[in-house]
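Enquirer: Starting from these lines, generate the structure:
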Amino acid sequence: MLKASRRDFLRTSIAGVTLSASDILLGPVAGISQMALAQTSAGISNARASGPLIIVFQRGAADGLAILSPLDDENFNAARPPEMRFNASEASGTVTVGQTQLYWHPSAQALAKLYNTAQLAVWPAVGILNETRSHFEAQEMMERGVNSLNSLPDNLGWLTRQLDQSKSSRLTSATSLFAGSTNVPRSMQGAQSAIAIRDLQNGVNIPSGLAGQNILTALCATDRKQPAASLMQVHVESMAQLNRALPKTSDNKVAPYQSAGQTPYPNNDPGVGLRSVARMIEARVGMQYAWVDQTGWDTHEGQPGRLKGVINNLSLALEAFAQDMQARHQPYTLIVMTEFGRRLRSNRSNGTDHGHGSFALILGDRVPGGKSYGSWPGLHEKALDRGVDLAVTTDYQKMIAQAMAWHTS
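Expert: Numbers count the residues shown, from 1 in each chain. Sure, this is the predicted structure:
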């Protein structure tokens with residue numbers, strides 16, 4: 001094992017970049033065919049030809065009942081005071097789920113537009129089957145691809161499982177898994193081929209440019225017998241390859257990313273991360289799976305004003321990305337999901353506490369959008385989970401499996 005000082009230097013010498021080196025510290029892994037959400041080699045090949053699969057994760061538990069509200073339901077109206085609701089006349093549009101009409105939040109105009117143009121599919125009442133209301137536990141389950149932490153099948157994240165797990169292929173590229181966030185997510189745990197860079201607008205920032213890159217390469221070459229050295233060498237070369245692949249200005253600097261769509265990427269999350277994903281696609285460096293976080297959804301107080309901002313940011317970011325990919329004729333599939341929903345009844349701080357079911361959105365060129373999937377459980381007391389929360393009628397794994405089936409179709 002490399003000495004801690006050298007390994008730490010290699011990990012921290014590249015500003016704004018987080019590298020996944022967890023395989024060095026973890027033991028052998030089990031066979032992929034037995035893993036939850038695992039895919040066959042043929043399925044992986046199909047995914048490469050289908051463009052990237054992208055996850056936008058709403059960290060903090062998004063209130064699906066506020067984003068898509070059942071305004072005609074007397075149970076909903078009784079549980080939330082007027083300041084915690086909006087009027088049907090203010091809604092951006094509607095989604096029909098069985099006999100129930102759901103109304104888009106006023107700040108979700110772009111989402112409603114994507115839905116109405118059959119680019120976006122809506123899946124209400126999605127979540128984990130586990131009853132936990134803990135952010136940490138729920139996120140860990142979703143990112144590991146399981147419904148319980150009591151008996152984990154391996155030490156991998158579920159996106160890692162989608163890659164070919166032979167040791168040789170895992171060392172060939174450090175760009176197969178990309179996070180447009182500040183940290184490598186747990187969904188990519190165990191992968192050597194994972195990089196997290198929130199903002200790629202000006203490329204990968206390697207201090208001192210080529211000279212700094214050469215220093216890092218030399219440090220990696222000092223002890224080739226150490227697995228960390230091989231890993232870091234792959235990452236350094238992959239980042240250099242990425243910078244070489246990006247368009248340049250007349251003075252040979254990385255040119256800012258230019259979207260092919262009309263809607264600009266918002267300069268906040270998840271817009272910045274999705275713009276970085278688009279830049280990775282532009283560079284054609286072999287990215288297969290991407291992850292982007294959006295925080296701000298843990299609305300225990302002051303929910304109406306806070307949700308207005310995060311819903312608007314999400315809505316505009318997805319519209320910008322969809323337009324960009326469509327103009328570039330770029331195939332992709334994008335899933336928006338969260339760890340769990342929020343309580344039906346609001347609290348005294350004009351917020352909502354941790355709940356159970358929420359919703360998911362699926363966007364992409366092969367997604368049969370303009371429709372809702374799954375079933376609506378209703379909000380009467382007997383239909384509620386524990387008598388207080390929107391019930392889960394679709395296991396999140398089933399939703400992901402369907403999205404991946406569309407992705408490779």
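
Enquirer: wait, what's in contact with the closest residue to Ala255 other than its chain neighbours?
Expert: Of all residues not flanking Ala255 in the chain, Pro247 sits nearest, at 4.4 Å (C-beta to C-beta, 6 or more residues apart in numbering). Any C-beta I mention is one placed from the backbone N, CA and C, and that applies to glycine too. Taking C-beta atoms under 8 Å, 6 or more residues apart in numbering, we find Pro247 in contact with Val254, Ala255, Glu282.

Enquirer: what are the bridge partners for the first one, then?
Expert: Just to be clear, that refers to Val254. Lys248 (DSSP bridges).

Enquirer: Settle this for me: it is touching Leu246, isn't it.
Expert: Yes: taking contacts as C-beta atoms under 8 Å, Val254 lies within contact range of Leu246: 4.9 Å.

Enquirer: All the strands of the stretch 51-200 of the chain, in order from the start?
Expert: 53-58, 68-69, 94-97, 100-104, 120-124, 126-127, 177-179, 194-196 (DSSP state E, counting those that start in this stretch).

Enquirer: Now render those as TSV, adding mean neighbour count and distance to Ala327.
Expert: Listed next are these as TSV, based on neighbours: other C-beta atoms under 10 Å; distance: least, C-beta to C-beta, whole Å:
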stretch	mean neighbour count	distance to Ala327
strand 53-58	25	17
strand 68-69	26	28
strand 94-97	17	26
strand 100-104	22	25
strand 120-124	26	17
strand 126-127	28	30
strand 177-179	29	21
strand 194-196	26	26
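
Enquirer: rewinding a little: what's the overlap in contacts for Val254 and Leu246?
Expert: With C-beta under 8 Å, 6+ apart, Val254 and Leu246 have common neighbours Gly203.

Enquirer: give me every residue that touches the spatially closest residue to Leu114 that is not a sequence neighbour.
Expert: Spatially, and ignoring its direct neighbours in sequence, Leu114 is nearest to Leu120 (3.9 Å; C-beta to C-beta, 6+ apart). Contact analysis of Leu120 by C-beta under 8 Å, 6+ apart lists Leu111, Leu114, Leu318, Leu361, Ile362, Leu363, Val367, Gly369, Gly370.

Enquirer: on that earlier part again, quick one: which of the contacts of Pro247 is nearest Tyr265?
Expert: Glu282 (13.0 Å; C-beta to C-beta).

Enquirer: Quick check, the closest one in contact with Tyr257.
Expert: Yes: Glu282 is in contact with Tyr257 according to C-beta under 8 Å; the separation is 7.1 Å.

Enquirer: Now do the shared contacts for the two.
Expert: Counting by C-beta under 8 Å, 6+ apart, nothing touches both Glu282 and Tyr257.

Enquirer: Name the nearest residue to Arg345, sequence neighbours excluded.
Expert: Ala79 (4.3 Å).

Enquirer: before we move on, the earlier item: state the distance from the residue nearest to Ala255 to Pro81.
Expert: 52 Å (C-beta to C-beta, to the nearest Å).

Enquirer: count of neighbours near the closest residue in space to Thr182 that isn't next to it in sequence?
Expert: Nearest residue to Thr182, sequence neighbours excluded (C-beta to C-beta, 6+ apart): Arg198, at 5.0 Å. Close neighbours of Arg198, defined as other C-beta atoms under 10 Å, add up to 20.

Enquirer: what's the pLDDT at Arg198?
Expert: Looking at Arg198, its pLDDT stands at 96.

Enquirer: who wins for proximity to His300 among the strands of the stretch 51-200 of the chain?
Expert: Per C-beta to C-beta, nearest to His300 of the strands of the stretch 51-200 of the chain: strand 53-58, 15.3 Å.

Enquirer: Just the CA atoms of that closest one, as PDB, please.
Expert: The C-alpha trace of strand 53-58 is given here as PDB (Å, rounded to 0.1, in the frame of the first residue of the first chain):
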ATOM      1  CA  LEU A  53     -27.800   6.600 -18.300                       C
ATOM      2  CA  ILE A  54     -28.000   9.600 -15.900                       C
ATOM      3  CA  ILE A  55     -29.400   9.900 -12.400                       C
ATOM      4  CA  VAL A  56     -30.400  13.200 -10.900                       C
ATOM      5  CA  PHE A  57     -30.800  12.600  -7.200                       C
ATOM      6  CA  GLN A  58     -32.900  14.900  -5.000                       C
END
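
Enquirer: how many other residues sit next to Ser134?
Expert: 13.

Enquirer: Need the pLDDT of Leu219.
Expert: pLDDT, Leu219: 76.

Enquirer: Give me the residue ranges of the stretch 201-350 of the chain where confidence is low.
Expert: 223, 225, 227 (pLDDT under 70).

Enquirer: Which stretches in it count as helices?
Expert: Using DSSP state H, counting those that start in this stretch, the helices of the stretch 201-350 of the chain run over 209-220, 227-245, 271-283, 303-327.

Enquirer: and stretch 268-287, which residues are buried?
Expert: Buried residues in stretch 268-287, counted by 16 or more other C-beta atoms under 10 Å: 268-283, 285-287.

Enquirer: Contacts only, for Glu339.
Expert: By C-beta under 8 Å, 6+ apart, the neighbours of Glu339 are Arg59, Gly60, Ala61, Ile128, His135, Ala138, Gln139, Met142.

Enquirer: gap between the closest residue to it other than its chain neighbours and Tyr257?
Expert: Excluding its sequence neighbours, the residue lying closest to Glu339 (C-beta to C-beta, 6+ apart) is Ala138, at 3.8 Å. Ala138 sits 33 Å away from Tyr257, going by C-beta to C-beta.

Enquirer: The two - which one has more neighbours?
Expert: Ala138 (22 against 19).

Enquirer: Regarding stretch 347-359, how distant is the last residue from the first?
Expert: This stretch, stretch 347-359, spans 21 Å end to end (C-alpha to C-alpha, to the nearest Å).

Enquirer: quick one: that stretch to chain centroid distance?
Expert: 22 Å (C-alpha atoms, centre = their mean, to the nearest Å).
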